[in-house]
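Colleague: Compute the structure for the input listed below.
(one chain, ligands or ions: 2)
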Amino acid sequence: MGKINVLGKNVSELIAAGEVIERPASIVKELLENSIDANSSAITVEIKRGGISYIRITDNGYGMIKDDVEVAFLRHATSKIKESDDLDHISTLGFRGEALASIAAVSRVEMTSKTSDMQFGTKISLEGGDILDIDEVGCPTGTTIIVRDLFFNVPARLKFLKRDASEANSISGIIDKIALSHPEISFKLISDNKIKTHTPGNGDLLSAIHAVFGKEVSSALIPVQYELNGISVNGYISNTSATRTNRAMQHFFVNSRYVKSKTCMVALEEGYKNSVMIGRYPFCVLDVTVPVNTVDVNVHPAKIEVRFVNERVVFDAIYFAVKSTLSSDDILKTSSEPKKNTQIRNLLSTFKSQESEQTNIETVWEDEPVKADVPSPYKDNFVFSNSIKTSFSSNEAEYKVEKTVEHNEFNYIKPQNLIKNEENIVVDIDTGEIIEENPVKKSLQNMPFVRVIGELFKTYVLFEMEDNFLLLDKHAAHERIIFEKLKTSVLVDDRQILLKPIIIAVSTEEMQALNDNVEMIEKLGFLFDEFGNNSVIVREVPLVLSSYNISNIFLDIANKLIENRRNVTSDIFEHLLHSIACRSAVKANDTNSIEDLTELLKQVYADDEIRHCPHGRPVVVAMSKSEIEKNLGRI
Ligand code: ADP
Ligand code: MG
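Modeller: Ligands and ions are numbered 1, 2, ... in the order given. Next up, the predicted model:
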């Protein structure tokens with residue numbers, strides 16, 4: 001006789017159930033999804049002992065007629081799809097017809113259900129998958145399902161469950177996520193007779209977030225509404241000063257379904273890059289809406305990983321959504337939305353400031369020489385990340401940026417045929433067409449009247465702008481300005497040939513490190529040669545740095561390279577840019593003239609990137625007049 005047995009229905013049901021139902025939280029997830037698919041507007045979940053002994057889910061959805069109640073518990077019984085073609089455009093949460101069968105196979109289940117056009121409902125009870133009883137009952141429209149004694153017939157599984165409290169937590173986590181993805185439904189969780197969560201179901205996502213996570217989280221959020229290439233991104237992201245120590249609070253939904261996706265996470269964090277400190281993470285509740293046929297949800301039911309047909313476009317949508325949202329939350333710009341009548345004032349606006357000696361300095365914006373980098377769309381869209389390519393078009397011109405990091409190789413493709421003329425207007429060499437008017441100048445025209453009050457601790461610049469008191473960290477601001485300029489200068493390869501080359505004495509170890517990294521140093525914009533035994537001669541430097549102490553900067557690079565050999569950082573190139581910027585920026589104790597501070601302030605105002613230093617510390621903090629008055633008890 002052969003060795004192969006065909007398993008009986010009960011055994012095969014148990015095995016199949018194990019695929020879908022791992023713990024009480026998986027039951028809650030499946031049943032909630034059914035209630036949502038049934039178009040409910042209020043759903044209550046009650047659990048006892050972490051759901052192991054008792055789970056009840058009551059909804060006010062469509063309900064079922066008797067015939068459907070009878071077959072609902074059969075494996076592969078579903079009302080949501082009919083044919084294989086339907087798999088390509090699934091819009092419901094469920095579609096496999098496995099949940100009820102699986103749950104019933106490993107517990108004692110009781111379900112009552114009624115549709116609105118029936119006078120009576122149906123009640124069914126099952127044990128280990130077998131129907132014990134089915135009857136007519138009086139009940140409200142909707143469905144109630146009670147699951148008792150989970151895994152009563154699979155003791156081995158029961159052993160794997162965690163403590164009650166930990167199972168209760170994971171149920172609560174599931175409900176949070178589902179509640180956030182459906183703010184139009186009111187969810188209530190009762191655990192051992194206590195109400196744990198209750199969302200209002202008024203359709204407002206922020207209210208749902210508030211109900212789930214509390215005020216501290218909900219008050220630190222900025223709304224996101226963005227669309228790119230048919231993908232829309234909606235929800236909330238944390239402001240740059242409210243970060244977390246881990247990623248637990250990053251919630252992503254794709255077409256309202258909770259997912260885990262590396263693409264989404266990386267895109268979010270890239271958007272915050274250089275705006276939050278290393279080791280801190282932004283949080284979010286973001287729903288990404290993609291055409292249903294571009295996402296594969298047909299992965300394992302218990303898994304929440306998602307695959308996109310085109311990960312790149314999803315990345316871009318989230319990345320740019322975050323970027324543009326953060327820049328719209330800019331404290332400098334939002335506090336000073338140009339008001340109706342400011343047009344004239346801006347044209348005439350002068351920059352008045354009073355030092356302690358009462359010297360008045362007047363500067364007319366329009367006459368000021370202004371510096372511009374590459375056109376802002378180009379800069380904004382530059383994704384500074386490993387192995388990420390971006391190309392986009394703006395104002396009829398195509399810019400292409402590419403940086404690939406493979407085996408530590410850096411490769412920047414610079415925009416073709418674009419140059420900046422003396423007025424920093426970007427023109428296409430081939431056609432003479434103006435690609436971008438001087439963006440800084442444009443932005444400064446909207447700058448409201450600002451009064452520099454002075455300096456504090458030789459570190460901060462104090463100033464007044466409309467109804468706000470602002471405090472600017474000199475070093476942090478300057479550092480970020482240089483950092484941005486360096487990035488740009490690397491891209492467009494803006495170098496200065498030194499009339500007088502600089503000779504720098506280096507140690508043997510430094511020489512070694514420099515020689516090992518000639519190519520990278522050249523990409524940074526430095527051209528150097530060995531000069532005698534223990535010196536190098538630097539002939540070209542990045543244009544941005546031509547007025548700084550090159551030998552300090554250069555030695556710094558050498559030492560960072562030595563450090564990196566011992567302790568390899570993921571992105572040494574960016575690390576070098578940081579350190580050059582830090583080295584070149586004004587220091588806290590430097591004395592600066594009011595003109596210098598004014599110039600600094602203008603540069604900060606003109607460029608929304610300059611809100612955090614390259615390490616993520618804020619550059620400027622603001623306090624509104626009303627906040628101050630509140631603190632001082634005036635209002
Ligand atoms: P699926 O959700 O994949 O279709 P299930 O086993 O979860 O499979 O449910 C089987 C069927 O039972 C569903 O297709 C639906 O028609 C019906 N059903 C389950 N739960 C509910 C509910 N709460 N309200 C109305 N109908 C339900
Ligand atoms: Mg289902």
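Colleague: The host helix or strand of residue 11 close to ligand 1?
Modeller: Assigned by DSSP states H and E, residue 11 belongs to helix 9-20. No. Using C-beta under 6 Å from any ligand atom, helix 9-20 never reaches ligand 1; the gap is at least 9.1 Å. In this view, the C-beta of every residue, glycine as well, is placed from N, C-alpha and C.
Colleague: what about residue 102, which helix or strand?
Modeller: helix 99-105.
Colleague: Ok, residue 227 next?
Modeller: Going by DSSP H and E, residue 227 is part of strand 221-228.
Colleague: neighbouring strands for the helix or strand following that strand, and are they parallel or not?
Modeller: For strand 221-228, the succeeding helix or strand toward the C-terminus, using DSSP H and E, is strand 231-238. Applying DSSP bridges to the sheet, strand 231-238 is found paired with strand 221-228 (antiparallel), strand 284-289 (antiparallel).
Colleague: how about a markdown table for those, with mean pLDDT added?
Modeller: Output for these, formatted as a markdown table (pLDDT from 0 to 100):
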| stretch | mean pLDDT |
| --- | --- |
| strand 221-228 | 92 |
| strand 284-289 | 95 |
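Colleague: how near is residue 60 to ligand 1?
Modeller: Going from residue 60 to ligand 1 by C-beta to the nearest ligand atom, to the nearest Å gives 10 Å.
Colleague: residues in contact with the residue in the stretch 1-150 of the chain positioned nearest to ligand 2?
Modeller: Nearest residue of the stretch 1-150 of the chain to ligand 2: residue 94, at 2.7 Å (C-beta to the ion). Residue 94 is in contact with 30, 33, 34, 37, 78, 80, counting by C-beta atoms under 8 Å, 6 or more residues apart in numbering.
Colleague: Spatially nearest residue to the first one (excluding sequence neighbours)?
Modeller: Spatial nearest neighbour of residue 30, chain neighbours left out: residue 99 (3.8 Å); criterion: C-beta to C-beta, 6 or more residues apart in numbering.
Colleague: Surely residue 142 and residue 40 touch.
Modeller: Yes. Counting by C-beta atoms under 8 Å, residue 142 touches residue 40, with 6.8 Å between them.
Colleague: what sits in contact with each of those two?
Modeller: 59, 60, 61.
Colleague: so what's the first one bridging to?
Modeller: Think residue 59. With DSSP bridges as the rule, residue 59 is bridged to residue 43, residue 143.
Colleague: how many neighbours does it have?
Modeller: 26 (other C-beta atoms under 10 Å).
Colleague: who's in contact with it?
Modeller: Here residue 59 is in contact with 35, 38, 40, 42, 43, 44, 142, 143, 144 (criterion: C-beta under 8 Å, 6+ apart).
Colleague: pLDDT value on it, please?
Modeller: Note on residue 59: pLDDT of 97.
Colleague: need the next SSE after the helix holding residue 11, C-terminal direction.
Modeller: Helix 9-20 is succeeded, C-terminally, by helix 24-37 (DSSP H and E).
Colleague: quick one: that following helix to chain centroid distance?
Modeller: 28 Å (C-alpha atoms, centre = their mean, to the nearest Å).
Colleague: Same check on stretch 272-287?
Modeller: For stretch 272-287, the distance to the chain centre is 6 Å (C-alpha atoms, centre = their mean).
Colleague: Need the CA coordinates for it. CSV is fine.
Modeller: The C-alpha coordinates for stretch 272-287 follow below in CSV (Å, rounded to 0.1, in the frame of the first residue of the first chain):
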residue,chain,number,x,y,z
TYR,A,272,12.9,65.0,5.6
LYS,A,273,16.6,64.5,4.8
ASN,A,274,18.7,67.2,6.3
SER,A,275,15.7,68.5,8.2
VAL,A,276,15.6,66.1,11.1
MET,A,277,18.5,64.9,13.1
ILE,A,278,20.2,61.6,12.5
GLY,A,279,18.6,58.9,14.6
ARG,A,280,15.2,60.7,14.7
TYR,A,281,12.3,59.7,12.5
PRO,A,282,9.3,61.6,11.2
PHE,A,283,5.8,60.2,11.7
CYS,A,284,2.9,60.2,9.4
VAL,A,285,-0.5,58.9,8.4
LEU,A,286,-0.5,58.9,4.7
ASP,A,287,-2.9,57.4,2.2
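Colleague: how about that stretch: buried residues?
Modeller: 272, 273, 274, 275, 276, 281, 282, 283, 284, 285, 286, 287 (16 or more other C-beta atoms under 10 Å).
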